[in-house]
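Colleague: coordinates for the following, if possible.
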Amino acid sequence: MIGIVDYEMGNLFSVSKALERLGADYYISADEDRLLAADALLLPGVGAFRDAMERLPVKTIKEFAATGKPLLGICLGMQLLFESSEENGLTKGLGLLPGSVRRFPGLTKDGDSYKVPHMGWNRLEFVKESPLLNNLQEDYVYFVHSYYVDAAQSDVLLAKADYHEQVSAVVGQNNIFGMQFHPEKSSKLGMALLQNFLQIADERKAIR
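Modeller: Numbering: from 1, shown residues only. Here you go, the predicted structure:
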């Protein structure tokens with residue numbers, strides 16, 4: 001059973017419909033006990049980092065992460081997993097993964113401007129083996145974001161994309177995973193990544 005965290009800042013409809021297409025059982029909840037009882041958690045997110053941290057059930061998410069059960073952050077939800085963000089002033093994140101969130105500067109090193117937010121299809125490049133990437137091929141996924149996780153030197157980086165800066169596109173460490181793009185809107189690769197996350201949840205449930 002997959003729990004989807006409802007803190008009034010996530011695209012719950014599209015994420016839940018993706019799980020339905022994959023045949024997964026899920027529920028959407030803000031209740032602490034129900035979230036902690038899930039076999040895995042999805043943390044979606046749309047909007048501003050600081051607003052999200054003010055609404056987020058921080059204690060519950062950290063307690064869930066400590067159980068070793070899989071947790072997946074999507075888009076803003078992935079950024080919230082990290083230590084801090086510079087959006088609207090420095091804001092502390094969940095601190096479940098090492099790294100910080102920075103705004104796209106909008107200028108290349110040569111001084112040329114580029115569009116922010118980063119919106120559209122970019123190709124993933126896998127950089128590290130992970131069960132989240134098992135049996136998958138590099139392909140394009142759909143991004144919409146103005147801030148990116150700076151985890152270039154971190155062991156948590158699983159796949160990257162290029163948008164004038166190196167974008168940490170897929171991250172993971174132990175039971176904590178994140179995707180900067182929207183897997184539910186990213187065609188076959190996005191759905192395959194969600195399927196792999198469900199498989200991780202099933203395997204870890206079997207050995208608990």
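Colleague: and stretch 199-208, C-alpha only, in CSV?
Modeller: C-alpha atoms of stretch 199-208 as CSV (Å, rounded to 0.1, in the frame of the first residue of the first chain):
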residue,chain,number,x,y,z
GLN,A,199,9.1,-3.1,-7.0
ILE,A,200,11.5,-1.7,-4.4
ALA,A,201,8.6,-1.3,-2.0
ASP,A,202,7.4,-4.9,-2.6
GLU,A,203,10.9,-6.3,-2.1
ARG,A,204,11.5,-4.4,1.2
LYS,A,205,8.1,-5.3,2.5
ALA,A,206,8.8,-9.0,1.9
ILE,A,207,12.0,-9.0,4.0
ARG,A,208,10.5,-6.9,6.9
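Colleague: what mean pLDDT does that stretch have?
Modeller: Mean pLDDT, stretch 199-208: 88.
Colleague: tell me which residues in that stretch are buried?
Modeller: 200, 201, 204 (16 or more other C-beta atoms under 10 Å). For glycine as for every other residue, the C-beta is placed from the backbone atoms N, C-alpha and C.
Colleague: closest to residue 47 among these?
Modeller: Nearest to residue 47 out of these is residue 201 (C-beta to C-beta; 26.3 Å).
Colleague: tell me which element that closest one falls in.
Modeller: If you go by DSSP states H and E, residue 201 is part of helix 187-207.
Colleague: now do that helix: everything it contacts.
Modeller: Contact partners of helix 187-207, identified using C-beta atoms under 8 Å, 6 or more residues apart in numbering, comprise 2, 18-19, 21-22, 24, 39-40, 68-70, 72, 124, 131-137, 139-142, 170, 175, 177, 179, 181-184, 186.
Colleague: got it, and stretch 87-95?
Modeller: Counting by C-beta under 8 Å, 6+ apart, 48-50, 53, 56, 58, 61-62, 65, 79-85, 101, 103, 147 sit against stretch 87-95.
Colleague: the residues you listed in helices, which ones?
Modeller: 49, 50, 53, 58, 61, 62, 65, 79, 80 (DSSP state H).
Colleague: determine which two of those residues are furthest apart.
Modeller: 50 and 65, at 20.9 Å, using C-beta to C-beta across the ones in helices among the contacts of stretch 87-95.
Colleague: who has more neighbours out of the two?
Modeller: For residue 50 and residue 65, the more surrounded residue by other C-beta atoms under 10 Å is residue 65, and the numbers stand at 20 against 15.
Colleague: model confidence for that one, exactly?
Modeller: The model's pLDDT for residue 65 equals 98.
Colleague: wait, a strand at residue 15?
Modeller: No: under DSSP: H, G, I helix; E, B strand; the rest coil, residue 15 falls outside any strand and is assigned helix.
Colleague: in this protein, where is pLDDT below threshold?
Modeller: 152-153 (pLDDT under 70).
Colleague: quick one: the strands in it?
Modeller: 2-5, 26-29, 40-43, 71-74, 84-85, 91-92, 100-103, 118-123, 125-126, 140-145, 147-150, 157-163, 165-173, 176-179 (DSSP state E).
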